Structures are given as C-alpha cells and as structure tokens.
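> coordinates only, no sequence provided:
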C-alpha cells in the first residue's frame, strides 16, 4: 500500500494528502464553489455554455429549483429514482442536479441504448420517470411496454435550449424528424409542460441529502458481465471533484471544461461536469462528438481543459481543422477510459507542442466503481508504460488474486483501490458487491478492479491486462457475454463468441463468431437477421461490426469456448497483413 508519506507525493509538490471534502450533497458542493468565487473580481465563469448560449450560476440555481419543483409536482419524492437518457444538453444537467436538490436519485443511461436495455435499466433502478430527448422517445415507449408499472416520460427538445436564430434553424438540419407527442397523454409530457407544472409547488425542502446518501446510479458490468447499477454517494462524487481538481490543477480561475464525454459515463459525468462545477468552472456542453466539428468547437470556445478517451485524441490528429491553430489556451489534456498507447501519447504530445501548447497529455486510470479517475500521470513527468500515481487520498494495493495478500513492488497482481470515491455498492446485488468490495487484513475495505498491474518503488502504477473478459470500444465497456447472449437468442444460432479486434479509430470493435444450428446454412439474410436482433437489444457501440460463420468454435480442456485462441488468430491475421504491406513497399 502506498502510505501517506510515499515517495510519489513529491510529484504533487505542496498538495496535501488529506482533503477537506464537502460533507453534504452535490448541489451544496457546487453552490459552495460559486459562493467562494462570488466576490472574486477575476470570477467571470458561467455554469455552462451550450451552442453559444451561456447560463450563469445564479440562473443555473434558479433552473435547478424550477426543475426540482416540476419533479415534485409529478410525484417524485426523496429516494425515488428517475432515469436520465440524454446527451450533454442543458435539460440533462438541470435534471441531474434538481433530483439531487430534493434527495431523489438520477440513473444515467446512454441515449443510444437499445429498447431491451432501457427496459432493463428502468426496471433495475425502479425508476418512476424518465427524461429523454425527443428523437429517442418512441424507443423509450417501446421499452416501457415491458415494464410492469407506470413510468412518466418527460420529452426534451434540443432546440428549446438553443440561442436565436439556431433554435429556428435546428429543425431544418435534422434528417429524421421526431414523432409528435401524443395529445392529452399525462404519461408522456413535453419538457416545457413539465416545467410549467412545477408552478403549483410553492417551496422546496430546506434539508439536503447527506454525504452517504446515494447521489447517482451509473450502469456497468460485474464479474459475470451482467449489467449492474452502481450506487455512488454524494461523498463519492464530491471527493472525485476535489481530488481531480487538486491533483490535475483544475483550481485555476476561469476554468473552461470541454464537456464532450457523455453524461452516462463516469468520466464524462464525474470529471467533465461535476468536477468542473465543483471547481467553479464552466462546462462547454458538446452534445455529439464528430471529427468534422471537433476543431471548430475547440477553436471557437477555447477550453482550458479537454478530457477524453484515446479515440477522441486520435481524432485530434486526423482533423484538418487544426492546421496552423494556436492551442496555447490549453492548460490540461487528460485521457482515460481506455489504455493510451505510448505511440499515441508521443503523437499527441508532438501535436500539442507544434500548436503552441505548453502541456502534454496526461493519462488517468479508474473504474466506474470509484466514479472514474483514481490515478493520474503527474504534470510534466511521465514514465513510459505507467498510468501515473494515485490521486490525493487514493491508495493502491497490488495483491495476489488467490488470497488478497499484498505482493512486493515490481510484482504483478490485482489492482485494488481504497478511496473516498469507492462506490456504496451494486444496486440490489449484495453478492456482486461482496465480491468486489472486500475487507483485507489491514481492516480496510478495498475495491477489487479485476485488472492486473504492477507498482514500482516510487508508487507509479503500471496497468497490464484485465482479469475478466472485456472489450473497450471508444472508451465504453462492452461485455462479450451480453453480445453472445443476444446472438444466441436467435433461433438459428447454436453458439457464438464475441471478441474485440483492433480498429484504427475506435481502438477496438466487436467481432462475433457464430455457429448455426444443424441444417441451417450461412447466408447474408441470416447475418442481417442477427444484426437486426442485436440492434434491438444492445447499444450501438456494442454492435458486432463483423460476423464470421464457423462450423465449430475452439474449446478449452474443460469444454469452454477458447476465446483467447480466436483473439490470437485475429492478431496473427493482422500481423500477416502488416508484413504483406511492408513487403509490397
């Protein structure tokens, strides 16, 4: 275990290892940050900016109260759950903090989730309502047909938050028009009607949630690959904000965060939104990332901080919109969600230097079970292959997976984390919680990440590989078992195996190997049927990009599918292709 006087503390300079965290709610933490800056002449930040429209902190708090009253008006009380199925848009941010204001709990999900997944998320979290963007609400209604209790659907529109004249032009830019909302349907209401309904609520509670109350539910896989609701407390979220703000240097006046990582992602919500607001900064909300608009938005809004997954930084290098650009306004560039290769880091660092930036890309590491980052490369100091050193108040232990005993420096073992950001547990799943949060001989409860790594004598951590099967596509976790279970449900499929294969843009993509039932011949028709079945039940990013039919799959000695053999076959094919290209040259 890295002790408080561990050598790595020297890389934080004067940064104390114990932080005075807010003891209340997330809402109180951002209000405290605003009040601390209120009389600072240098303080000019708005809370967030969306497509050029700014929302000041005073207006943000008014919006939170209006939305909180609207939730109370439809019957949402303390402890109730509400699903938020939104991109990075103002209504999603307002709803998130409004629910926290009244002690209710937001459950964050991907807007591109398949209908079957939405059914699971809503049922698993026992949500009483769902906030969704208009272009996705029909899919939500389809999902709710399989929920055996009534769920209120609140439908928001992007154009309602756009400045003039974009609010008038926006509908003309949409290829697919959202379906009109049903009239006189109290179960499906527009955001504006929802807000208007809050006028009947004259006041909000004077009390706020406690630090140990559940503040948000994020979804991830467990050791079995089945999706789990991760309960994160107010302290978890606030501690993350303070640790990252200090360890990453987010405490500067005028902080402007490029909030491009999505709300349902721990990295996007915890760092891209809450850390920025808890530091009194501005969130530049980017609802949809594209390579074409990337350079335009960065140069237009001039953020101080960019956080993203490797895919985002690979796109940085591919965008021709940065030619001759001056990026001296950047004070921090941070990568997480997936391993940053040494080659990509070198290319991004060179790109930043060439564009007049004085910072290098800094890699972080963490899991949704501790919100997000718990380890970070120090400023201007990099050890090749390392994911950095623990953030303040985060302690790492590398243990033998067989007996949870700490191993010596330089020895590979499972990465375990002790931190105030470690989750409360998995929602309604004591068995998975007990398997992941385990008490060690030191009397402390450690988060077992399921990742293998090494710690050197200075406390630098080196990630090696995952203990459990997991595919990371553009920074998002894809659990092979979920893909396989979906494919296997097709009546013509006997067996399947999903693996991740390298992709030049997404880092990895899903490939499925499929064995059909006896008497069924492979065909494009069956392939399309399988893909259509997947579209209805798994997220877009988890969709198989390749399907290969086989008569049988390799097996281990105990009869399990030898997925590692399939991965090695794909690796060999890739290597042969690269060798052939070199020979041609």
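All right, it came through fine. Values in this document were obtained by computation on a predicted structure and should not be read as measured data.

> so what's residue 395 closest to, chain neighbours aside?
residue 418 (4.5 Å; Cβ to Cβ, 6 or more residues apart in numbering). Bear in mind the C-beta positions are built from the backbone N, C-alpha and C, glycine included.

> next one: phi and psi at that neighbour?
phi -120, psi 120 (degrees, to the nearest 10).

> residue contacts, it?
Residues counted as contacts of residue 418 (Cβ atoms under 8 Å, 6 or more residues apart in numbering) are 1, 394, 395, 396, 397, 444, 445, 446, 447.

> if we go to 6 Å?
395, 444, 446 (Cβ atoms under 6 Å, 6 or more residues apart in numbering).

> next one: it from residue 449, what distance?
12 Å (Cβ to Cβ, to the nearest Å).

> returning to what we had before: can you pick the most crowded of the contacts of residue 418?
Using other Cβ atoms under 10 Å as the neighbour criterion, residue 446 leads the contacts of residue 418 with 24 neighbours.

> so that one sits right up against residue 414, yeah?
No. If you go by Cβ atoms under 6 Å, residue 446 and residue 414 don't touch, sitting 9.7 Å apart.

> which of the contacts of residue 418 fall within helices?
Among those, none falls in helices (DSSP state H).

> just the strands from the stretch 451-585 of the chain, written as ranges.
Assignment of strands within the stretch 451-585 of the chain using DSSP state E, counting those that start in this stretch yields the ranges 461-466, 471-473, 476-478, 493-503, 507-516, 544-549.

> which elements pack onto the fifth one?
It refers to strand 507-516. Strand 507-516 is packed against strand 471-473, strand 493-503, strand 544-549, with contacts defined by 3 or more Cβ pairs under 6 Å, 6 or more residues apart in numbering; DSSP states H and E.

> in the last one, what's buried?
By neighbour count, with 16 or more other Cβ atoms under 10 Å as the criterion, the buried positions of strand 544-549 are 544, 547, 549.

> what is the mean pLDDT for stretch 131-149?
On average, the pLDDT along stretch 131-149 is 95.

> cool, and stretch 440-453?
92.

> on that earlier part again, can I get the helices and strands packed on strand 507-516 in a markdown table with mean pLDDT and distance to residue 96?
Formatted as a markdown table, the helices and strands packed on strand 507-516 follow (pLDDT from 0 to 100; distance: least, Cβ to Cβ, whole Å):
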| stretch | mean pLDDT | distance to residue 96 |
| --- | --- | --- |
| strand 471-473 | 85 | 25 |
| strand 493-503 | 87 | 31 |
| strand 544-549 | 94 | 32 |
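
> now for those, which one comes closest to residue 325?
strand 493-503 (27.0 Å; Cβ to Cβ).

> distance from the chain centre to the closest one, please.
Distance of strand 493-503 from its chain centroid, counting by Cα atoms, centre = their mean, to the nearest Å, is 24 Å.

> returning to that earlier point: quick check, pLDDT for the residue nearest to residue 395.
95.

> and the one 5 residues further on, by the same measure?
In the prediction, the pLDDT value recorded for residue 423 is 98.

> mind listing what the residue lying closest to it once chain neighbours are set aside touches?
Spatial nearest neighbour of residue 423, excluding adjacent residues (Cβ to Cβ, 6+ apart): residue 369 at 4.8 Å. Contacts for residue 369 (Cβ under 6 Å, 6+ apart) come out as 230, 423, 447.

> for those, which one is nearest residue 476?
residue 230 (14.7 Å).

> partner residues bridging that closest one?
residue 218, residue 426 (DSSP bridges).

> residue 124 versus that one, what's the distance?
Applying Cβ to Cβ, the value for residue 230 to residue 124 is 11 Å.

> in contact with residue 248, which residues?
residue 332.
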